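Asker: Quick one, structure for this:
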Amino acid sequence: VQLQACGGGLVQAGGSLRLSCAASGRSFGSYGWFRQPPGKEREFVAAINWSGGSTVYADSVKGRFTISRDNAKNTVYLQMNSLKPEDTAVYYCAARYGREVLITVYQYAYWGQGTVVTVSS
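Answerer: Take a look at the predicted model:
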């Protein structure tokens, strides 16, 4: 089982990026995106359940980020709009077999390698 995240890069404040995370080997019940800013701990960003009908967002990204999934492709996405310098971080996708939408790091057993997002002011 492997998660492969991509789509990070350097963008100016106010810009957009779309992260993708493809799962190989198995399909998962729920996915999450987390991020780790420089010098800080990993934090929750967004999560989505099996059907995509239930999503949860951190307050800091509500209204700017959108999580979605394509079960046919075993892929989860994070559309990030109106980016701010404080969104700069390594972004990680995570997955679990359970279908509940959960927001803590330890509840996810599978992790991608991380993709770097840098937002310049």
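Asker: List the backbone torsions phi and psi for the residue nearest the centre of the chain.
Answerer: Taking C-alpha atoms, centre = their mean, the centroid of the chain lies closest to residue 33, which sits 2.5 Å from it. Dihedral pair for residue 33: phi -110, psi 130, per degrees, to the nearest 10.
Asker: And it, how far from residue 117?
Answerer: Using C-beta to C-beta, to the nearest Å, residue 33 is found at 11 Å from residue 117. (Each C-beta comes from the backbone N, C-alpha and C, glycine too.)
Asker: Now do the shared contacts for those two.
Answerer: Shared contacts of residue 33 and residue 117 (C-beta atoms under 8 Å, 6 or more residues apart in numbering): 19, 91.
Asker: Identify the bridge partners of the residue nearest to the centre of the chain.
Answerer: Per DSSP bridges, the residues bridged to residue 33 are residue 46, residue 93.
Asker: Next one: it from residue 16, what distance?
Answerer: Per C-beta to C-beta, residue 33 is found 15 Å from residue 16.
Asker: Ok, residue 107 next?
Answerer: Residue 107 is 29 Å from residue 16, by C-beta to C-beta.
Asker: Please identify which of those two sits among more neighbours.
Answerer: More crowded of residue 107 and residue 16, by other C-beta atoms under 10 Å: residue 107, with 14 against 11.
Asker: which residues does the more buried one contact?
Answerer: residue 96.
Asker: Same question for the one 3 residues further on.
Answerer: With contact set as C-beta under 8 Å, 6+ apart, residue 110 has these partners: 1, 3, 23, 28, 94, 95, 96.
Asker: CSV for the residues you listed, including distance to residue 45?
Answerer: Shown next, in CSV, are these (distance: C-beta to C-beta, whole Å):
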residue, distance to residue 45
1, 21
3, 15
23, 18
28, 17
94, 10
95, 14
96, 15
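Asker: Greatest separation within the residues you listed: which pair is it?
Answerer: Greatest spatial distance in those: 1 and 94, 12.1 Å, computed using C-beta to C-beta.
Asker: And those two? Which one has more around it.
Answerer: Legend: neighbour count by other C-beta under 10 Å for residue 1 and residue 94, higher for residue 94 (25 against 11).
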